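Colleague: Here is a sequence with its predicted model. Questions after.
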Amino acid sequence: MKTKINNIIRMVFGLGLLLFGLDKFFEFIPHNHVMDEDLIAAFTGLMANKFILPTVGVVEAISGLLLLTRKYSIVGLLLMVPVTYGIIAFHLAVDLEGIISGLMIAVMHIYLLSLKKSTLISLVEYHKVETKS
């Protein structure tokens, strides 16, 4: 049962990342969010910078594909750490009303990372051994 729940969370998270990553390029998801002045200013800044949103879109799409295919899913999870942080920080600073979706992303992300805890610890220990020799 636990494996099924883990797979469902991984698939939902991966599919969400893939869709939102591709939306940064093709804009197929309607954004009917009412924006106040702070949100408009922040979003205008993101749009004016021509590489941030496309970079986030690429990272989200690649991470989503890695999670959906289960190939190198730990790489996809690690790639998403700064993006998840950015989502939470953005909502805390500018769009507190939209924090629920950001928290859902963060909770799924942290949960999936916790499933890979032993692998992450092994990687850190391996890196310590390699740097000593």
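Modeller: Now that the structure is in, tell me what you want to look at. Numbers count the residues shown, from 1 in each chain.

Colleague: contacts and neighbour counts: CA atoms only from here.
Modeller: Will do.

Colleague: May I see the buried residues of the lowest-mean-pLDDT helix or strand in the chain?
Modeller: Across the helices and strands of the chain, the lowest-confidence element by mean pLDDT, DSSP states H and E is helix 37-48, at a mean of 83. Buried residues in helix 37-48, counted by 16 or more other C-alpha atoms under 10 Å: Leu39.

Colleague: Please apply the same query to stretch 72-90.
Modeller: Here stretch 72-90 shows Ser73, Ile74, Gly76, Leu77, Met80, Val83, Thr84, Ile87, Ile88, Phe90 as buried, counting by 16+ other C-alpha under 10 Å.

Colleague: Just put those in JSON lines and tack on secondary structure, distance to Leu65 and pLDDT.
Modeller: Listed next are the buried residues of stretch 72-90 as JSON lines, based on DSSP: H, G, I helix; E, B strand; the rest coil; distance: C-alpha to C-alpha, whole Å; pLDDT from 0 to 100:
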{"residue": "Ser73", "secondary structure": "helix", "distance to Leu65": "9", "pLDDT": "94"}
{"residue": "Ile74", "secondary structure": "helix", "distance to Leu65": "12", "pLDDT": "95"}
{"residue": "Gly76", "secondary structure": "helix", "distance to Leu65": "8", "pLDDT": "96"}
{"residue": "Leu77", "secondary structure": "helix", "distance to Leu65": "11", "pLDDT": "97"}
{"residue": "Met80", "secondary structure": "coil", "distance to Leu65": "12", "pLDDT": "97"}
{"residue": "Val83", "secondary structure": "helix", "distance to Leu65": "16", "pLDDT": "96"}
{"residue": "Thr84", "secondary structure": "helix", "distance to Leu65": "17", "pLDDT": "97"}
{"residue": "Ile87", "secondary structure": "helix", "distance to Leu65": "19", "pLDDT": "93"}
{"residue": "Ile88", "secondary structure": "helix", "distance to Leu65": "22", "pLDDT": "96"}
{"residue": "Phe90", "secondary structure": "helix", "distance to Leu65": "24", "pLDDT": "91"}
